[in-house]
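>>> sequence-free structure coming up:
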């Protein structure tokens, strides 16, 4: 198994189905802060549903169509980042992230997402990396900015959450624009 140090006491590593209990405990701590932005967070309500979410990403990884990584701070899972989608043949991918309050304000998401961008562009030859978020999620759009992404536009009322339609911003970075992982 691999682990990438992000900053003192924080590391990035794969988040897999065998870690369902740890993931569920994390989601229970993170749910209120995360669910409005990543609605699948509310789907982890017991160990079996948590395992199912993690298995979905393991299946994506097996097809080279997505991946999921956790962020541990001093040994506790506090968030993660993922390839929501990954299409090496088309040269495109979409990144996503989440973080519970205990991990906020440390640059963990920017560092972790920077590692994913770097791998996608330099190792896998991805040309276009996307980041989607709701306009009111300024923490997420700030990460996109710090990664060097540009705001492409807004998909109006694209996301349905709790019966209400919300806009989605689309940010992107092209391979020639990537200057390297943040904090490395």
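Structure's in. What do you need? Owing to the predicted nature of the structure, the values given are computational and were not obtained by experimental measurement.
>>> show me where this protein has its helices.
20-34, 47-62, 108-118, 138-146 (DSSP state H).
>>> who wins for proximity to residue 4 among those helices?
helix 108-118 (5.9 Å; Cβ to Cβ). (Glycine included, C-beta is placed from N, CA and C.)
>>> which helices and strands sit right next to that closest one?
strand 4-7, strand 10-14, strand 67-73, strand 76-87, strand 92-99, helix 138-146 (3 or more Cβ pairs under 8 Å, 6 or more residues apart in numbering; DSSP states H and E).
>>> which one, of the ones you listed, ends up nearest to residue 121?
strand 92-99 (9.4 Å).
>>> the closest one pairs with which strands?
Strand 92-99 pairs in its sheet with strand 76-87 (antiparallel), strand 128-133 (parallel), by DSSP bridges.
>>> same list (the ones you listed) but as JSON lines, adding mean neighbour count.
Formatted as JSON lines, the strands paired with strand 92-99 follow (neighbours: other Cβ atoms under 10 Å):
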{"stretch": "strand 76-87", "mean neighbour count": "22"}
{"stretch": "strand 128-133", "mean neighbour count": "22"}
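>>> spatially, what comes nearest to residue 180 if we skip its sequence neighbours?
In this structure, residue 180 finds its nearest non-sequential neighbour in residue 118, 6.6 Å apart by Cβ to Cβ, 6 or more residues apart in numbering.
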